[in-house]
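1. Okay, sequence plus prediction incoming.
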Amino acid sequence: VASRDAVPRGCRRLGSGPAGPRMLEGALCIELASVLAGPSVGQFLGELGARVVKVESPVTRGDVTRTWKLANEGRDQDVTAYFSACNSGKESVVINMATDEGRDLIHALSRQADCVLASFKPGDAEKLGVDGATLTSLNDRLVYAQITGYGLDNPRLGYDAVVQAESGFQFMNGEPDSGPCKMPVALIDVITAHQVK
């Protein structure tokens, strides 16, 4: 009878000994996403060893969650808890994809990349020249993951609270006499991230 603490042959106990190579060690992921769903996937890939390069726009002053501060976060603090929760371990670059130079930089990165994570509203990636068809034509082994609320053929934006209401999650939440109630977490974004992973 083996001890409860025994580690099977060929395995190692988590948290013990040298970490060794991780599953995605050496892979390069370019993240063209913001807020929660896309960045959560990027962070997950980074935890598996991928080098994740997050592209942030100078127009929006980076991922908007950089400004989503809790009441106890100081005004001079440039990295918020929300941003940190799904962007740790990434490299961040500022590129204006609306310029020729910015588009060329994304194309150069994509030629070297293993995957691109994108979360543009339908049509925007094509306007910028960073859509799946364009980038995979530059690198035929590239995996392009596009997150949208309603698919590429529907122009509606996928806001978490709206999709919670449309899917019935708000109806299932709250008190018996409160009526539909928004979930206290961006549940649709979290579920979306898990599906992309």
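-> Nice, I can see it. Numbering: from 1, shown residues only.

2. what's the spacing between the residue lying closest to residue 135 once chain neighbours are set aside and residue 29?
-> Once flanking residues are discounted, residue 135 sits nearest to residue 110: 4.4 Å by C-beta to C-beta, 6 or more residues apart in numbering. Yep, even glycine has a C-beta here, placed from its N, CA and C like the rest. Counting by C-beta to C-beta, to the nearest Å, the gap from residue 110 to residue 29 is 11 Å.

3. Now list whatever residues contact both of these two.
-> Residues touching both residue 110 and residue 29 (C-beta atoms under 8 Å, 6 or more residues apart in numbering): residue 116.

4. Run a quick check on residue 82 versus residue 64, I expect a contact.
-> No. Applying C-beta atoms under 8 Å, one finds residue 82 not in contact with residue 64, separated by 9.7 Å.

5. Restrict stretch 125-133 to CA atoms and write it as CSV.
-> C-alpha atoms of stretch 125-133 as CSV (Å, rounded to 0.1, in the frame of the first residue of the first chain):
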residue,chain,number,x,y,z
ALA,A,125,-9.8,44.2,-37.0
GLU,A,126,-10.3,44.2,-40.8
LYS,A,127,-10.2,48.0,-40.9
LEU,A,128,-6.9,48.0,-38.9
GLY,A,129,-5.4,45.2,-41.1
VAL,A,130,-5.0,42.8,-38.0
ASP,A,131,-7.8,40.4,-38.7
GLY,A,132,-7.3,36.6,-38.8
ALA,A,133,-7.2,36.3,-42.6
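
6. Just the buried positions in the longest helix anywhere in the chain, please.
-> The single longest helix within the chain, with elements called by DSSP state H, is helix 100-112. For helix 100-112, the neighbour count (16 or more other C-beta atoms under 10 Å) marks 102, 103, 105, 106, 107, 109, 110 as buried.

7. Pretty sure the fourth one sits against residue 98.
-> No. Applying C-beta under 8 Å as the test, residue 106 and residue 98 come out as separate, 11.0 Å apart.

8. Touching both of the two, which residues are there?
-> By C-beta under 8 Å, 6+ apart, the residues touching both residue 106 and residue 98 are residue 128.

9. By mean pLDDT, which helix or strand of the chain comes out lowest?
-> Lowest by mean pLDDT, DSSP states H and E among the helices and strands of the chain is helix 187-196, with a mean of 82.

10. Just the CA trace of it, in CSV.
-> Taking Å, rounded to 0.1, in the frame of the first residue of the first chain, the C-alpha atoms of helix 187-196 are listed here in CSV:
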residue,chain,number,x,y,z
LEU,A,187,-19.6,36.1,-15.5
ILE,A,188,-20.0,36.1,-19.3
ASP,A,189,-16.4,37.4,-19.7
VAL,A,190,-15.1,34.7,-17.3
ILE,A,191,-17.1,31.9,-19.1
THR,A,192,-15.9,33.3,-22.5
ALA,A,193,-12.2,33.2,-21.4
HIS,A,194,-12.6,29.6,-20.2
GLN,A,195,-14.1,28.6,-23.6
VAL,A,196,-11.2,30.2,-25.5
